[in-house]
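S.K.: let's see this in three dimensions:
(chains A and B)
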Amino acid sequence: MRDVAVVAFGQSDHVRDSAETSEVEMLMPVLHDVLAQTGLAARDIDFTCSGSSDYLAGRAFSFTMALDGVGAWPPISESHVEMDGAWALYEAWVKLLTGEAETALVYSYGKSSPGSVRDVLTRQLDPYYVAPLWPDAVALAALQAQALIDAGLTDPQALAEIAARSRAAAVTHPHAQLRGEVPMGEPLVAPLRTGDCPPIGDGAAAVVLAAGDTARRLTDRPAWIRGLDHRIEAHALGVRDLTDSPSTRLAAERAGAFELPPGHQGTGGAPMVDTAELHAPFTSQEVVLRRALRLDAPDSTVCVNPSGGALAANPVMATGLIRIGEAAARIQRGASDRALAHATSGPCLQHNLVAVLEGE
Amino acid sequence: MPEVLTAPLVVEFPFTRSLGPVQSAFLTGLRERTVLGVTASDGRVVVPPTEYDPVTAEEIRDLVEVGTSGTVTTWAWNPSPRRGQPLTTPFAWVLVRLDGADTALLHALDAPAPDAVRTGMRVRVRWAPERTGAITDIACFEPDDTAAGNGRPAPHSGAFADPVTQITLPARLDYTYAPGRAQSRYLQALSEHRIVGERCPSCRKVYVPPRGACPTCGVATGTQVEVGPRGTVTTFCIVNIKAKNLDIDVPYVYAHIALDGADLALHARIGGIPYDRVRMGLRVEPVWTEGSRFPDHYRPTGEPDAGYDSYKELI
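M.R.: Okay, here's the model as predicted:
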C-alpha cells in the first residue's frame, strides 16, 4: 500500500456568530491558506472532498455554493459527505490509496449560528421512536454523563478538571473560541453544566493530502497516515453501554493505535503515541474515549488535546477534521512523532474514526 | 461595509414514513396501551423493538409483551424544556428498562425535582389520553412504587385491529438567515433600484447576483460593478403549472436575462407582453413595485431585439 500524508492544515477563527460572511466567504481564506502552504494551485489538486450539513444553517445545497471557493470550473473530480470532514478525509485517503490521485484537498465547515444546533441535531435520530421526543444533543450527552457517574468512572469535579485543562491548553491557540478560565456555570441538563459543553460557533478547516514522494516534495515533514479506520454502533441508545465505546476501541485497533511504533520494539514502556487529539464535545465523552483508547494508564505521558479540543472550538462538521489537522500540524512542526486523532459522529459517540499519524 | 441583512427562515417538513411489521406492531400496541418488544438473535428482549438485530442485522420478528413499569438505567434533569419535548415543565430525561426487557427506552419522567430521581428507581408509563400509534402515546413516565416483576414476557402475535402502517411526523426548525457580504451588498443595492454585480479580479467576469466567489477561479469577487438595468432574454420557458402560494396567472414566461455589463445571466419572470410573444433576444428592463426591495418582473423596453452574436456566449 502506498503512503499517504497530511501535508498542510488550516482553519478559520472560530466565532459565535459569522453572520457577516456566507459559507464560501468563511471557507475561502482557509482554502487559500492550505494551498499556499503547499505551493499548489487549485487546478493542481487531483481530488476534492468536503463534509458539511445543510441542516445546520438551513441553507439547501450550501455545499455546492461552497464549492465556488475551490474554483470548480472546468469540472473537477469532487465529492461531498453529509458528515464531519474527517469522513471526507477518509474518502480522499482511500482515493489516494487506489492510485487514482496524488493530491487531495479536504475541507469542511459548519455554521451553527443561524439555527439552534441542539435542536437541529435531533433530526439525525431514529425518526420513529426518538426524534418525535426532540431530545437535544445536551440531553443525550447528559444521560451518558450520569451513566458514567453511576458507574463510578467520573464525578462532576473530574469533569470540571477536563474542561479547565482543555480551555487552559487553548489559551495560546490563535483560533479558539473559548479559552482561559471559564466558569462551570449552572446545570444545562444535569449533570452537565454549561462548562461541560462545547461553545456554539461557526468555522471552517481544510487539509491537503499527498501520496509518497509528492508529499515529501510539498513539505519538509509530512504527517504520514499509518492507519485510519471508522466503526459504528447501534443507533438505539438503550441497546448500547453508554459508559464504553467499543467502536472507538475497534477503530483504534484497526488503525494500529495499539501497536508499538517502528524502532521502539522491545522497550516495553515506549508510549504508543505521544499526542491524542480527541473529538469529545462534552467533558464526559473524553472519559469514555480515554478508557477506550487506554490513555488513562497512571504513568501515561500522552498529551491529550493540546489544542483545547472541541471544548475550545466546536464548528460542527469541521471539529473532527480539525482533530486530524491539529495532530498532523503537531507532527509537521516537530512537536510529536506519533499522534492519534479521533473524530465522532452521532449521539453519545455512536460513530468513531481513529487515525494514527507519524513523522519520519 | 453594508449592514448585515438577516431574515427569519423556517424549514418545515411533514415527513410521512412507512412502518415495517415490527414498528407497526409496536406503535399500534402503544395506541392499545400495550408495550411490545422483539426477541433478538441472542435472546435479549429489545424495547423499543427494532426490525433488525442490533448486533447481527438479521431480520427479527418474534414479538413479546413487556410490562408498563420499569427501572431507570440513567437520567438527566432538564430544567428548561424545549419545543416539542414531552413535558412543558422541568422533567428528567430517562432511559427505562421495562419489566421483561433487556434494553432501555428513551422518554421523559415527570418528577417534581432532580432530588426525586435516581438511577434504579421504579417508574411506570403514563398514557396520553389521545393515542394515535406514536411514541408520544406514552405521555411520559411517572414514579411507581411496585416491585419489579421477574416473569419472562409472554409471546404476542403483534396483531391488532386497524394497525398503524404509516406515521406523519412534523419537523420544524427555525433559523435566522444571513446571506453574507456579497449578497448583502447586492440586496442592499436592489432596494435602491440598482443592480450591482461583482467582478472577479482574475478572469474579469462580472457575476450577478454575486455569491462572493468566482466559481472558475476560486477567489473573492471584491469589486462592485453596476450592471443593467436593461438586458437581453437569452433563453426562456413557459410555465403552465401554478406554484403553491404564488399569485401569478399561468401560463407565464420565466427567462434567463443577460443584463448589460454582466457575464452571467440571471433569471426572472417576464411580464407586460403576451407569453407567446416572448423570444430570445428580447430587450427587457426590471419593474419595481411600490415599496418592494427587489424587481417584481422584467418587461420589454421597446428597443429592437439584440442580435444573437451579442448574447450567444451567455446562453
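
S.K.: how about the strands in chain A?
M.R.: A:4-11, A:47-51, A:78-81, A:103-111, A:187-189, A:192-193, A:202-211, A:223-232, A:275-277, A:303-304, A:338-345, A:351-358 (DSSP state E).

S.K.: okay, those in JSON lines with distance to chain B next?
M.R.: C-beta: built from backbone N, CA, C; applies to glycine. Formatted as JSON lines, the strands of chain A follow (distance: least, CB to the nearest CB, whole Å):
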{"stretch": "strand A:4-11", "distance to chain B": "15"}
{"stretch": "strand A:47-51", "distance to chain B": "10"}
{"stretch": "strand A:78-81", "distance to chain B": "12"}
{"stretch": "strand A:103-111", "distance to chain B": "9"}
{"stretch": "strand A:187-189", "distance to chain B": "5"}
{"stretch": "strand A:192-193", "distance to chain B": "8"}
{"stretch": "strand A:202-211", "distance to chain B": "10"}
{"stretch": "strand A:223-232", "distance to chain B": "11"}
{"stretch": "strand A:275-277", "distance to chain B": "26"}
{"stretch": "strand A:303-304", "distance to chain B": "25"}
{"stretch": "strand A:338-345", "distance to chain B": "18"}
{"stretch": "strand A:351-358", "distance to chain B": "15"}
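
S.K.: from B:Ile248, how far out is B:Pro79?
M.R.: In this view, B:Pro79 and B:Ile248 are 49 Å apart by CB to CB, to the nearest Å.

S.K.: before we move on, what about A:Arg254?
M.R.: Taking CB to CB, one finds A:Arg254 at 58 Å from B:Ile248.

S.K.: about what we covered before: out of the strands of chain A, which comes closest to B:Ser69?
M.R.: Nearest of these to B:Ser69, taken as CB to CB: strand A:187-189 at 24.9 Å.

S.K.: turn the strands of chain A into JSON lines, columns for mean pLDDT and mean neighbour count.
M.R.: Listed next are those as JSON lines, based on pLDDT from 0 to 100; neighbours: other CB atoms under 10 Å in any protein chain shown:
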{"stretch": "strand A:4-11", "mean pLDDT": "98", "mean neighbour count": "26"}
{"stretch": "strand A:47-51", "mean pLDDT": "98", "mean neighbour count": "25"}
{"stretch": "strand A:78-81", "mean pLDDT": "97", "mean neighbour count": "17"}
{"stretch": "strand A:103-111", "mean pLDDT": "98", "mean neighbour count": "29"}
{"stretch": "strand A:187-189", "mean pLDDT": "97", "mean neighbour count": "23"}
{"stretch": "strand A:192-193", "mean pLDDT": "98", "mean neighbour count": "23"}
{"stretch": "strand A:202-211", "mean pLDDT": "98", "mean neighbour count": "29"}
{"stretch": "strand A:223-232", "mean pLDDT": "97", "mean neighbour count": "21"}
{"stretch": "strand A:275-277", "mean pLDDT": "97", "mean neighbour count": "26"}
{"stretch": "strand A:303-304", "mean pLDDT": "96", "mean neighbour count": "20"}
{"stretch": "strand A:338-345", "mean pLDDT": "97", "mean neighbour count": "28"}
{"stretch": "strand A:351-358", "mean pLDDT": "97", "mean neighbour count": "27"}
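
S.K.: turn these into JSON lines, columns for distance to A:Glu161.
M.R.: Converted to JSON lines, those look like this (distance: least, CB to CB, whole Å):
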{"stretch": "strand A:4-11", "distance to A:Glu161": "26"}
{"stretch": "strand A:47-51", "distance to A:Glu161": "32"}
{"stretch": "strand A:78-81", "distance to A:Glu161": "35"}
{"stretch": "strand A:103-111", "distance to A:Glu161": "28"}
{"stretch": "strand A:187-189", "distance to A:Glu161": "18"}
{"stretch": "strand A:192-193", "distance to A:Glu161": "13"}
{"stretch": "strand A:202-211", "distance to A:Glu161": "26"}
{"stretch": "strand A:223-232", "distance to A:Glu161": "29"}
{"stretch": "strand A:275-277", "distance to A:Glu161": "17"}
{"stretch": "strand A:303-304", "distance to A:Glu161": "12"}
{"stretch": "strand A:338-345", "distance to A:Glu161": "20"}
{"stretch": "strand A:351-358", "distance to A:Glu161": "23"}
